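>>> For reference, the sequence and a predicted model appear below.
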Amino acid sequence: MTYCVGMRLDAGLVFLSDSRTNAGVDQVGTFRKLSVFENPGERVMVLMTSGNLSISQAVRQAVSDYVGPDGVTIWSAPNMYEAARILGEAVRVVHKRDAANLAEFGVDFNIGMVFGGQIKGERCRLFQVYSAGNFIESRDENTYFQIGEAKYGKPIIDRVVTPLTSLDDAAKCALISMDSTLRSNVSVGLPLDMLVYATDSLAVTHFVTIDAQNQYFNQLRNSWGAQLKSVFEGIAAPVWDAAPDATANVLSSSNMHSKPMRVHLPAGVKASAPLEPLQSVAQQPQSKKQH
């Protein structure tokens, strides 16, 4: 499995991918999933892939070699939309060639891609491409795409990232998102590839491969964990069965009439004690309060 995230901001683009590939419990490999198509001064395009590794590698090769009927390639596409269309066509070429043979062995044609960049003369753009070769484009309402094990790292991005987020803050958020995924899913692992692209640079701005010894990533992981715990401990505990006029930290009160949905005892099973209605602390007899 894998986890990759791409973000499109007013300031540029951020891409982050892990490098773990699992073919079984005891078959864990490291394969890089982020590829760069760069012609400095003219275009920078980044492709991240998830899913079946053999299909991903075949698609990457196909898009590099693809020449359309009009002679247009990924290197000469006039805009990022056309480049994404060529990528989608490369997916369909590989599907037509390999899908039936894979299906005979019970292997699904499974691939997910995040593709983005900038071609001279237009703004930065970001796409998510599916197994059928179709794709969608990022808008301001949805400024990022994830592929692979997306659920663990999604909440922090939803809370933090907007089109106005700086590249450094977006990179930091992507790393925290990745840390959350690494902690919760063994199928995602180091090293990581991170690429940051500043709008109109038309060349890779920053790139780093992050391993277990990376100073900043380790500092971020430790700091984020400690601050999360500190914030958690600073939140007041809930108040149960509060008096009707209580206002602070009330999770339940005596006038809420909350009660569980109980399953009836089957016939022939005798109740060991009668069920008593749930009471608030304020309603309990004085003698019970003292015990």
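Received, thanks.

>>> Pull the residues that contact stretch 155-163.
Outside stretch 155-163, the residues that touch it by C-beta atoms under 8 Å, 6 or more residues apart in numbering are 5, 7-10, 140, 143-144, 146, 169-170, 173-174, 176-177, 180. To be clear about C-beta, it is placed using only N, CA and C from the backbone, and glycine gets the same treatment.

>>> Show me what counts as buried in stretch 89-99.
Across stretch 89-99, burial judged by 16 or more other C-beta atoms under 10 Å covers 90-95, 98.

>>> One more: stretch 98-115?
98, 102, 109, 111-115.

>>> repeat for stretch 169-184
169-182.

>>> Residues contacting that stretch, please?
3, 5, 7, 9, 11, 14, 16, 18, 149, 152-157, 160-161, 165, 188-190, 192, 194, 196, 210, 217, 220-221, 224.

>>> Neighbouring strands of the helix or strand that contains residue 195 in the sheet, and parallel or not?
Using DSSP states H and E, residue 195 sits in strand 192-198. Sheet partners assigned to strand 192-198 using DSSP bridges are listed as strand 12-17 (antiparallel), strand 206-210 (antiparallel).

>>> how about these, which one is nearest residue 200?
Closest to residue 200 of those, according to C-beta to C-beta: strand 12-17, at 8.5 Å.

>>> sorry, back to before: just name the most buried of the strands paired with strand 192-198.
strand 12-17 (a mean of 26; mean count of other C-beta atoms under 10 Å).

>>> Pull it out as CSV, backbone CA atoms only.
Presented in CSV, the C-alpha positions along strand 12-17 are these (Å, rounded to 0.1, in the frame of the first residue of the first chain):
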residue,chain,number,x,y,z
GLY,A,12,2.7,26.7,-5.6
LEU,A,13,2.6,22.9,-5.2
VAL,A,14,3.6,20.4,-2.5
PHE,A,15,4.0,16.7,-3.2
LEU,A,16,4.8,14.0,-0.6
SER,A,17,4.9,10.2,-1.0
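
>>> quick revisit: out of the contacts of stretch 155-163, which are inside strands?
5, 7-9, 144, 146 (DSSP state E).

>>> just those residues now: which is nearest residue 73?
The closest of the ones in strands among the contacts of stretch 155-163, once distances to residue 73 are taken by C-beta to C-beta, is residue 8, at 23.7 Å.

>>> Could you report the neighbour count for that closest one?
Residue 8 sits with 26 neighbouring residues when counted by other C-beta atoms under 10 Å.

>>> Same question for residue 1.
Residue 1 has 16 neighbouring residues, counting by other C-beta under 10 Å.

>>> can you list the ones in strands among the contacts of stretch 155-163 in JSON lines and add distance to residue 29 and pLDDT?
What follows is the ones in strands among the contacts of stretch 155-163, written out as JSON lines (distance: C-beta to C-beta, whole Å; pLDDT from 0 to 100):
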{"residue": "5", "distance to residue 29": "21", "pLDDT": "98"}
{"residue": "7", "distance to residue 29": "27", "pLDDT": "98"}
{"residue": "8", "distance to residue 29": "30", "pLDDT": "98"}
{"residue": "9", "distance to residue 29": "32", "pLDDT": "98"}
{"residue": "144", "distance to residue 29": "27", "pLDDT": "98"}
{"residue": "146", "distance to residue 29": "22", "pLDDT": "98"}
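
>>> Greatest separation within these: which pair is it?
Pairwise over those, using C-beta to C-beta, the maximum falls at 9 and 146, 15.5 Å.

>>> ok, of the contacts of stretch 169-184, which come out buried?
If we count by 16+ other C-beta under 10 Å, the contacts of stretch 169-184 have these buried: 3, 5, 7, 9, 11, 14, 16, 18, 149, 152-153, 156-157, 161, 165, 188-190, 192, 194, 196, 210, 217, 220-221, 224.

>>> show me the contacts for the closest residue to residue 125 other than its chain neighbours.
Using C-beta to C-beta, 6 or more residues apart in numbering and skipping the chain neighbours, the partner closest in space to residue 125 is residue 80 (4.0 Å). Counting by C-beta under 8 Å, 6+ apart, residue 80 makes contact with 45, 116-119, 122, 125, 127.
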